[in-house]
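Novice: after the sequence you'll find the predicted model.
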Amino acid sequence: MRKFHPSWLVLLAILAVLPLVASTFYISLLNNIGMFALATLGVVLLTGVAGMTSFGQAAFVGLSAYTTAALVAPSTLNLGAMAASPWLALALGLALTLLFAFVLGLITLKLSGHYLPLGTIAWGMSLYSLFGTIESLGGHSGVPDLPPLRIAGLTFGDGPRMYYLIWVCVLLAIVLIRNLLESRVGRAIRALRGGQEMATSMGVNVFRTKMIVFLVAAGLAGVSGWLYAYTQRFVSPAPFGVQAGIDYLFMGLLGGMGSLWGAVIGSAVVVLLREWLQDLLPQLLGRTGNFESIVFGLLIVLVMQRWPGGIWMALSRRFKLRQGGHVRLPAPGAGVPALPRSARPKPNERILDVRKVTRRFGGLVANREMSLRVDAGEILAVIGPNGAGKSTLFNLVSGVDVPNEGDVIFRGHRINGRSPRELAAEGLSRTFQHVKLLPDMTVLENAAIGAHLRGHKGVFASALHLDGEDEARLLAEARRQLERVGLGHELDRTAGSLALGQQRILEIARALCADPCLLLLDEPAAGLRHKEKQALAELLRKLRAEGVAVLLVEHDMDFVMGLVDRVVVMEFGQRIAEGRPEEVQRDPAVLRAYLGGVEE
Ligand SMILES: Nc1ncnc2c1ncn2[C@@H]1O[C@H](COP(=O)(O)OP(=O)(O)OP(=O)(O)O)[C@@H](O)[C@H]1O
């Protein structure tokens, strides 16, 4: 059972008491804060957690609000008593919002860089225009006279009852999303920020995961829109334009994109400040105008400059609150059944066989008829001067790139053109030349991303916290691998606080969580101190003894020569030597390549 921090009780008590002491005016402000917070939670999830900037959240709120209005307002479709059911309005509002989000997601989520935010602006503008042009929905004048919300004989006006309903929705959303983010699916969502290459190499279906985030964010906007329609009892296009989409982003930025509570704080700051400034500024300046927008602009610049993590981050640092939620740390030896393992290769089984691969970039031949093989329980290093073609070869083997000619055979199967995700499922796992960890996530969570394909629970089970056993097994596996590589005492630390050497070892633990039979290491010793290199070499020897095949691309000769079984030397895209370290060190072609000449 998940433990709740005592501050939850305090918060619940405050939220319960507020409408009893606040005036009607402040209750309606609190209602607005709650509705904004719901939609902003979606923005935090999309932009803060998954790294996809969206200006289109307001349009989804509007879609749901308009669906509700169309069903329940007497001036619109007038579908009779059945259509006036708030549950039907909620279900249809959500369904339509999710359908739109799905279609828009299909079109825009494959866009990268600034094309995605531009895409969200485009659909935000289109939906806004659509709301204003449908005459049966009142055009730009909107839909008036929605009936109040009635559930189980109770009427929810814009007073305390509505307040409780809105804030129950907000708290429920926070709990469900928090559960989701601390699960296997949540780690995949958070991995999106570490770059698609890392996520996909760990077996994450990047497009599907983006779509999940997108739909969850749209669903939150949908609930917010439904509540909005019943609270305001009037729906017009104005609150759902691109400007409103920017406001949601501001709320997230002000509150803090790194935390779900940032959405609540940002919404509260914007709603309250706007209200006060709208009264105060005209009095101070002696004239009316949209002055609060100028103040907001300055405020955003100031907050971003002073507290780039937003107000929530600044507060939690000030009061030393824990960041990043509570990881479900598995107890050591807690009797959690181990995850099933794939069939182990036999000793000396041929794991990787690269046969005469050629890769051309225009007129440049980066790899020319390159061949090499790696067996189980063997460490092979590929070395060569800068530009020799090592990274190209690494990309061809890891599924990042496809050879023009030749074959890459992995455990007897040709894998040319297979995606890194498919290769991860087959037992090929990798680390990166420039470490790709999620610095704010714990060591344990980072490692557990590697076990993504070995878990099965999806979004609903995770959000409802019905993934207990699956999650316990994944985290126990992550713990086992961290102990295997010597990081068992750092489970709860954030990955960003580790030294580079430990980060590289953490990447190896993450790769091991996938239960690989081939480890691909891209310059694993780069930037390490002497002692860290020794620790890394020790670990790789241990893995070799356990039957793992290791292929590493490396520049550091001392590291390579003292560790590996065989070396392949490349120059100008070709293999110029292959053999045991002591053999290649004496090879005249190798000496020529490295020293520019050899004395006969
Ligand atoms: N995507 C690409 N497009 C065009 N040329 C490329 C591409 N990738 C690599 N090359 C070229 O292929 C050659 C081999 O590059 P590669 O990065 O594989 O060498 P390397 O041995 O890994 O070098 P380093 O040790 O400096 O990383 C270089 O001349 C490089 O400029």
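Specialist: Cool, the structure landed. Worth saying up front: this structure is predicted, and the values here are computed from it rather than measured.
Novice: give the residue spans of this protein that score low on pLDDT.
Specialist: 1-4, 77-84, 320-334, 595-600 (pLDDT under 70).
Novice: enumerate the residues of it near the ligand.
Specialist: Counting by C-beta under 6 Å from any ligand atom, the positions of the chain adjacent to the ligand are 361, 364, 366, 384, 386-392. Any C-beta I mention is one placed from the backbone N, CA and C, and that applies to glycine too.
Novice: quick check: the two most widely separated of those residues?
Specialist: F361 and G384 (17.0 Å; C-beta to C-beta).
Novice: which residue does the stretch 101-250 of the chain have closest to the ligand?
Specialist: E197 (13.7 Å; C-beta to the nearest ligand atom).
Novice: contacts only, for that residue.
Specialist: 400, 420, 432, 436 (C-beta atoms under 8 Å, 6 or more residues apart in numbering).
Novice: show me the residues you listed that map onto helices.
Specialist: Within the contacts of E197, residues falling in helices by DSSP state H are P420.
Novice: of the contacts of E197, just say which sits nearest to I294.
Specialist: After measuring those against I294 - C-beta to C-beta - the closest member comes out as K436, at 40.8 Å.
Novice: now the closest one: how far from the ligand?
Specialist: Going from K436 to the ligand by C-beta to the nearest ligand atom, to the nearest Å gives 17 Å.
Novice: what's the neighbour count on that residue?
Specialist: 19 (other C-beta atoms under 10 Å).
Novice: all numbers from here: first residue = 50
Specialist: In the new numbering, first residue 50, that becomes K485.
Novice: the residue nearest to the spatial centre of the chain: helix or strand, and which one exactly?
Specialist: For the chain, the residue nearest the mean C-alpha position is R239 (2.5 Å; C-alpha atoms, centre = their mean). Element membership for R239, per DSSP states H and E: helix 233-240.
Novice: ok, back up a step: from the residues of the chain next to the ligand, which is closest to I215?
Specialist: S440 (53.3 Å).
Novice: nearest to the ligand, of the contacts of E246?
Specialist: V449 (10.2 Å).
Novice: wait, the closest one sits on P469?
Specialist: Yes: using C-beta atoms under 8 Å, V449 is in contact with P469, at 6.3 Å.
Novice: this structure: strands as residue ranges?
Specialist: 198-200, 203-205, 399-410, 413-424, 428-432, 454-459, 462-463, 477-479, 567-571, 598-602, 615-620, 623-628 (DSSP state E).
Novice: which of the ones you listed sits most buried?
Specialist: With neighbours taken as mean count of other C-beta atoms under 10 Å, the strands of the chain reach their highest mean count in strand 477-479, at a mean of 28.
Novice: how is this protein divided into domains?
Specialist: Partitioning the chain according to automatic domain parsing yields domains covering residues 63-290, 377-391+488-561, 394-475+566-649.
Novice: coming back round to it: and the residue of the stretch 150-299 of the chain closest to the ligand, how close does it get to P286?
Specialist: According to C-beta to C-beta, to the nearest Å, E246 and P286 sit 41 Å apart.
Novice: tell me what L203 is bridged to.
Specialist: I200 (DSSP bridges).
Novice: swap in I458?
Specialist: D402, R463.
Novice: that one reaches D402, doesn't it?
Specialist: Yes: between I458 and D402 there is a contact under C-beta under 8 Å: 4.1 Å.
Novice: which residues are in contact with both of these two?
Specialist: Counting by C-beta under 8 Å, 6+ apart, nothing touches both I458 and D402.
Novice: could you pull out the helices for the stretch 200-349 of the chain?
Specialist: Using DSSP state H, counting those that start in this stretch, the helices assigned to the stretch 200-349 of the chain run over residues 209-230, 233-240, 245-250, 255-281, 291-304, 309-334, 340-355.
Novice: okay if I get the ones you listed as JSON lines plus distance to A392?
Specialist: Shown next, in JSON lines, are the helices of the stretch 200-349 of the chain (distance: least, C-beta to C-beta, whole Å):
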{"stretch": "helix 209-230", "distance to A392": "33"}
{"stretch": "helix 233-240", "distance to A392": "23"}
{"stretch": "helix 245-250", "distance to A392": "22"}
{"stretch": "helix 255-281", "distance to A392": "27"}
{"stretch": "helix 291-304", "distance to A392": "47"}
{"stretch": "helix 309-334", "distance to A392": "42"}
{"stretch": "helix 340-355", "distance to A392": "52"}
